[in-house]
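Asker: Any chance you could fold what I've pasted below:
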Amino acid sequence: MSHFNHVANTWDSNEKILLMQDLAKKTIAKLNIQEKLSIMDFGCGTGLFGLEFSDYIHSLVGVDTSAGMLEVFNEKTKGLENISSRMLNLEYETLDLKFDLIISSMAFHHLEDPKNMIGKLRNLLNSGGQIAIVDLEKEDGSFHPDPIAMGVKHFGFTNDEIESWAQEHDMSVRISTINTKEKNEKTYDQFLAVFS
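Answerer: This next block holds a predicted model:
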(Lines give C-alpha, C1' and ligand atoms only; values in the text may rest on other atoms or scores of the structure.)
Protein backbone atom coordinates (compact mmCIF):
# COMPACT_ATOMS: atom_id res chain seq x y z
CA MET A 1 0.00 0.00 0.00
CA SER A 2 3.04 2.30 0.10
CA HIS A 3 2.29 3.49 -3.45
CA PHE A 4 -1.23 4.61 -2.52
CA ASN A 5 -0.14 6.22 0.73
CA HIS A 6 2.51 8.15 -1.20
CA VAL A 7 0.13 9.48 -3.89
CA ALA A 8 -2.99 10.00 -1.74
CA ASN A 9 -2.69 13.77 -1.37
CA THR A 10 -2.34 14.31 -5.12
CA TRP A 11 -4.71 11.52 -6.22
CA ASP A 12 -7.74 13.69 -7.04
CA SER A 13 -6.65 15.08 -10.41
CA ASN A 14 -9.25 16.70 -12.68
CA GLU A 15 -8.96 13.71 -15.01
CA LYS A 16 -9.70 11.21 -12.24
CA ILE A 17 -12.57 13.32 -10.85
CA LEU A 18 -14.26 13.55 -14.25
CA LEU A 19 -13.72 9.86 -14.97
CA MET A 20 -15.19 8.73 -11.64
CA GLN A 21 -18.14 11.11 -12.02
CA ASP A 22 -18.86 9.53 -15.40
CA LEU A 23 -18.42 5.94 -14.17
CA ALA A 24 -20.65 6.59 -11.15
CA LYS A 25 -23.36 8.25 -13.27
CA LYS A 26 -23.41 5.27 -15.66
CA THR A 27 -23.42 2.80 -12.75
CA ILE A 28 -26.33 4.56 -11.04
CA ALA A 29 -28.29 4.52 -14.31
CA LYS A 30 -27.71 0.77 -14.77
CA LEU A 31 -28.70 0.03 -11.16
CA ASN A 32 -31.91 2.06 -11.48
CA ILE A 33 -31.72 3.14 -7.82
CA GLN A 34 -35.05 4.44 -6.52
CA GLU A 35 -34.36 4.93 -2.81
CA LYS A 36 -31.65 5.68 -0.29
CA LEU A 37 -29.47 2.67 0.48
CA SER A 38 -26.88 1.46 2.94
CA ILE A 39 -23.77 1.33 0.75
CA MET A 40 -20.23 0.05 1.09
CA ASP A 41 -17.55 1.44 -1.22
CA PHE A 42 -14.97 -1.34 -1.39
CA GLY A 43 -11.50 0.00 -2.18
CA CYS A 44 -12.89 3.49 -1.74
CA GLY A 45 -9.61 5.38 -2.05
CA THR A 46 -10.31 9.08 -1.57
CA GLY A 47 -14.02 8.56 -2.24
CA LEU A 48 -14.12 9.82 -5.84
CA PHE A 49 -16.49 7.04 -6.94
CA GLY A 50 -18.57 6.36 -3.84
CA LEU A 51 -19.32 9.97 -2.91
CA GLU A 52 -20.92 10.45 -6.33
CA PHE A 53 -23.74 8.28 -4.96
CA SER A 54 -24.60 11.01 -2.41
CA ASP A 55 -28.23 11.34 -3.55
CA TYR A 56 -28.79 7.66 -2.81
CA ILE A 57 -26.86 7.27 0.46
CA HIS A 58 -28.72 6.36 3.62
CA SER A 59 -25.33 5.38 5.00
CA LEU A 60 -21.95 4.88 3.34
CA VAL A 61 -18.93 2.99 4.65
CA GLY A 62 -15.70 3.43 2.72
CA VAL A 63 -13.35 0.45 3.08
CA ASP A 64 -9.71 0.60 2.03
CA THR A 65 -6.29 -0.70 3.07
CA SER A 66 -4.47 2.61 2.56
CA ALA A 67 -4.28 4.94 5.55
CA GLY A 68 -3.24 7.81 3.28
CA MET A 69 -6.26 7.43 1.02
CA LEU A 70 -8.62 7.18 3.99
CA GLU A 71 -7.19 10.37 5.51
CA VAL A 72 -8.31 12.22 2.38
CA PHE A 73 -11.67 10.39 2.39
CA ASN A 74 -12.26 11.31 6.05
CA GLU A 75 -11.34 14.95 5.45
CA LYS A 76 -13.90 15.15 2.62
CA THR A 77 -16.66 13.60 4.73
CA LYS A 78 -15.93 15.36 8.02
CA GLY A 79 -19.18 16.24 9.79
CA LEU A 80 -21.31 13.83 7.72
CA GLU A 81 -22.69 11.46 10.34
CA ASN A 82 -23.97 8.90 7.83
CA ILE A 83 -20.56 8.43 6.18
CA SER A 84 -17.64 6.60 7.81
CA SER A 85 -14.55 4.63 6.86
CA ARG A 86 -12.79 1.46 7.89
CA MET A 87 -9.14 0.59 7.27
CA LEU A 88 -9.54 -3.08 6.55
CA ASN A 89 -8.23 -5.75 4.19
CA LEU A 90 -11.35 -7.75 3.43
CA GLU A 91 -9.33 -10.49 1.76
CA TYR A 92 -8.12 -11.46 5.24
CA GLU A 93 -10.43 -9.65 7.68
CA THR A 94 -14.18 -9.47 8.24
CA LEU A 95 -16.74 -6.72 8.70
CA ASP A 96 -19.77 -7.11 10.95
CA LEU A 97 -22.15 -4.99 8.87
CA LYS A 98 -24.76 -5.54 6.16
CA PHE A 99 -25.42 -3.44 3.07
CA ASP A 100 -28.07 -2.95 0.38
CA LEU A 101 -25.41 -2.16 -2.20
CA ILE A 102 -21.67 -2.76 -2.43
CA ILE A 103 -19.83 -0.72 -5.04
CA SER A 104 -16.21 -0.89 -6.17
CA SER A 105 -14.29 0.97 -8.85
CA MET A 106 -10.84 -0.07 -10.08
CA ALA A 107 -10.03 -2.12 -6.98
CA PHE A 108 -10.55 -5.71 -8.13
CA HIS A 109 -7.36 -5.88 -10.22
CA HIS A 110 -5.46 -5.35 -6.95
CA LEU A 111 -6.97 -8.45 -5.29
CA GLU A 112 -5.21 -11.77 -4.85
CA ASP A 113 -8.45 -13.74 -5.32
CA PRO A 114 -11.33 -11.79 -6.91
CA LYS A 115 -13.57 -14.85 -7.12
CA ASN A 116 -13.31 -15.48 -3.38
CA MET A 117 -13.98 -11.79 -2.70
CA ILE A 118 -17.34 -12.00 -4.46
CA GLY A 119 -18.37 -14.63 -1.92
CA LYS A 120 -17.19 -12.49 0.98
CA LEU A 121 -19.06 -9.45 -0.34
CA ARG A 122 -22.18 -11.53 -0.95
CA ASN A 123 -22.19 -12.44 2.75
CA LEU A 124 -22.28 -8.71 3.58
CA LEU A 125 -25.46 -8.07 1.57
CA ASN A 126 -28.94 -7.58 2.91
CA SER A 127 -31.66 -9.65 1.23
CA GLY A 128 -32.09 -8.41 -2.33
CA GLY A 129 -28.78 -6.56 -2.22
CA GLN A 130 -26.44 -6.05 -5.17
CA ILE A 131 -22.71 -5.76 -5.86
CA ALA A 132 -21.61 -3.35 -8.61
CA ILE A 133 -17.99 -3.62 -9.77
CA VAL A 134 -16.23 -1.37 -12.27
CA ASP A 135 -12.82 -2.44 -13.47
CA LEU A 136 -10.70 -3.05 -16.54
CA GLU A 137 -11.58 -5.49 -19.25
CA LYS A 138 -8.68 -7.80 -20.14
CA GLU A 139 -5.66 -5.77 -21.24
CA ASP A 140 -2.03 -6.41 -22.18
CA GLY A 141 -0.50 -5.14 -18.94
CA SER A 142 0.33 -1.69 -20.30
CA PHE A 143 -2.44 0.23 -18.49
CA HIS A 144 -0.34 0.78 -15.36
CA PRO A 145 3.16 2.27 -15.79
CA ASP A 146 4.62 0.10 -12.99
CA PRO A 147 2.23 -2.78 -12.21
CA ILE A 148 4.37 -4.36 -9.48
CA ALA A 149 4.94 -1.15 -7.52
CA MET A 150 1.26 -0.24 -7.95
CA GLY A 151 0.07 -3.55 -6.52
CA VAL A 152 -1.55 -4.82 -9.73
CA LYS A 153 -2.39 -8.53 -9.54
CA HIS A 154 -4.52 -8.88 -12.72
CA PHE A 155 -4.40 -7.21 -16.13
CA GLY A 156 -8.16 -6.82 -16.27
CA PHE A 157 -10.75 -9.56 -16.58
CA THR A 158 -12.71 -11.38 -19.29
CA ASN A 159 -16.48 -11.81 -19.21
CA ASP A 160 -15.94 -15.56 -18.75
CA GLU A 161 -13.88 -14.92 -15.61
CA ILE A 162 -16.51 -12.60 -14.18
CA GLU A 163 -19.31 -15.05 -14.97
CA SER A 164 -17.34 -17.81 -13.21
CA TRP A 165 -17.22 -15.64 -10.06
CA ALA A 166 -21.02 -15.41 -10.10
CA GLN A 167 -21.50 -19.14 -10.76
CA GLU A 168 -19.13 -20.05 -7.93
CA HIS A 169 -21.33 -18.17 -5.46
CA ASP A 170 -24.75 -18.95 -6.96
CA MET A 171 -25.34 -15.38 -8.11
CA SER A 172 -26.47 -13.85 -11.38
CA VAL A 173 -24.39 -11.17 -13.09
CA ARG A 174 -25.01 -8.55 -15.77
CA ILE A 175 -21.87 -7.31 -17.54
CA SER A 176 -21.58 -4.30 -19.82
CA THR A 177 -18.80 -2.10 -21.19
CA ILE A 178 -19.42 1.38 -19.74
CA ASN A 179 -16.31 3.30 -20.71
CA THR A 180 -13.40 3.34 -23.13
CA LYS A 181 -10.27 5.13 -21.95
CA GLU A 182 -7.51 6.40 -24.25
CA LYS A 183 -4.04 6.00 -22.77
CA ASN A 184 -0.56 5.10 -24.04
CA GLU A 185 -1.88 5.49 -27.62
CA LYS A 186 -4.16 2.52 -26.89
CA THR A 187 -7.76 2.05 -25.85
CA TYR A 188 -8.76 0.29 -22.64
CA ASP A 189 -12.35 -0.73 -21.92
CA GLN A 190 -13.92 -0.66 -18.48
CA PHE A 191 -16.79 -2.94 -17.50
CA LEU A 192 -19.60 -2.76 -15.02
CA ALA A 193 -20.60 -6.09 -13.49
CA VAL A 194 -23.74 -6.14 -11.35
CA PHE A 195 -24.10 -9.22 -9.15
CA SER A 196 -27.39 -10.14 -7.48
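
Asker: so is residue 150 in a helix, a strand, or just coil?
Answerer: Under DSSP: H, G, I helix; E, B strand; the rest coil, residue 150 falls in the coil class.

Asker: so which strand or helix has the residue sitting nearest the centre point of the chain?
Answerer: Nearest to the mean C-alpha position of the chain, by Cα atoms, centre = their mean, lies residue 104 at 1.5 Å. Assigned by DSSP states H and E, residue 104 falls within strand 99-105.

Asker: residues in contact with that strand?
Answerer: 20, 23-24, 27, 31, 33, 37-43, 48-50, 53, 58, 61, 121, 124-126, 128-135 (Cβ atoms under 8 Å, 6 or more residues apart in numbering). Placement of C-beta: from N, CA and C, glycine included.

Asker: which of the residues you listed count as buried?
Answerer: Using 16 or more other Cβ atoms under 10 Å as the burial test, the contacts of strand 99-105 include 20, 23-24, 27, 31, 33, 37-43, 48-50, 53, 61, 121, 124-125, 129-135 as buried.

Asker: so residue 121 sits in a helix?
Answerer: Yes. With three-state DSSP as the criterion, residue 121 is part of a helix.

Asker: quick one: the strands in this structure?
Answerer: 37-42, 57-64, 83-87, 99-105, 125-136, 173-183, 186-195 (DSSP state E).

Asker: how far away is residue 189 from residue 137?
Answerer: 4 Å (Cβ to Cβ, to the nearest Å).

Asker: Spatially, what comes nearest to residue 51 if we skip its sequence neighbours?
Answerer: Nearest residue to residue 51, sequence neighbours excluded (Cβ to Cβ, 6 or more residues apart in numbering): residue 76, at 6.7 Å.

Asker: Let me see the contact set for that neighbour.
Answerer: Residue 76 neighbours (Cβ under 8 Å, 6+ apart): 46-47, 51.

Asker: That one and residue 140, how far apart?
Answerer: For residue 76, the distance to residue 140 - Cβ to Cβ - is 34 Å.

Asker: contact partners of the top helix by length along the chain?
Answerer: Ranked by residue count and defined by DSSP state H, the top helix of the chain is helix 14-31. For helix 14-31, contacts defined as Cβ under 8 Å, 6+ apart pick out 48-50, 52-53, 56, 101, 103, 105, 130, 132, 134, 174, 176, 178-179, 181, 190, 192, 194.
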